[in-house]
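need coordinates for the following:
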Amino acid sequence: MSPEITSVRVRKVTSKSSVVAEVSYIIDDALILEGVRLAHTASGYSLRMPGKFHKQHNRFLETFHPITRDFYEDLLASAIDIYEEL
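Below is the predicted model of the structure:
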């Protein structure tokens, strides 16, 4: 059983990077997920999950990410649907 995405907010951004919007989700009316970025490249849309740069690992590590591909696709589709309506 996949968690239910109960609310999605999308805000367009203008930047020189591939990021086109910032996305916030409410999941199962119990969890708020903020800081997700919607990116658009030549290969299509993708999500960039929240995270931070860890000096110890010398790389960016996600602090939240979906475990299943199905849930990632649900998150992505809901963001794209709203973004394209803006």
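
can you get me a residue count around the nearest residue to Arg59 once chain neighbours are set aside?
On the basis of Cβ to Cβ, 6 or more residues apart in numbering, the spatially nearest residue to Arg59 that is not a chain neighbour turns out to be Phe53, at 7.3 Å. Every residue, glycine included, has its C-beta placed from N, CA and C. Other residues near Phe53 number 9, with proximity taken as other Cβ atoms under 10 Å.

and the contacts of the particular helix or strand that has Phe53 in it?
Using DSSP states H and E, Phe53 sits in strand 51-54. By Cβ atoms under 8 Å, 6 or more residues apart in numbering, the surrounding residues in contact with strand 51-54 are Arg59, Phe60, Leu61, Glu62, Thr63, Phe64.

what pairs with that strand, parallel or antiparallel?
Listed by DSSP bridges, the sheet partners of strand 51-54 and their directions read strand 59-62 (antiparallel).

okay, the strand it pairs with in PDB with CA atoms only?
Once side chains and other backbone atoms are set aside, the C-alpha atoms of strand 59-62 remain, and they are given as PDB (Å, rounded to 0.1, in the frame of the first residue of the first chain):
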ATOM      1  CA  ARG A  59      29.100  15.000  -1.600                       C
ATOM      2  CA  PHE A  60      25.400  16.000  -1.400                       C
ATOM      3  CA  LEU A  61      23.200  13.400   0.500                       C
ATOM      4  CA  GLU A  62      19.400  13.300   0.300                       C
END
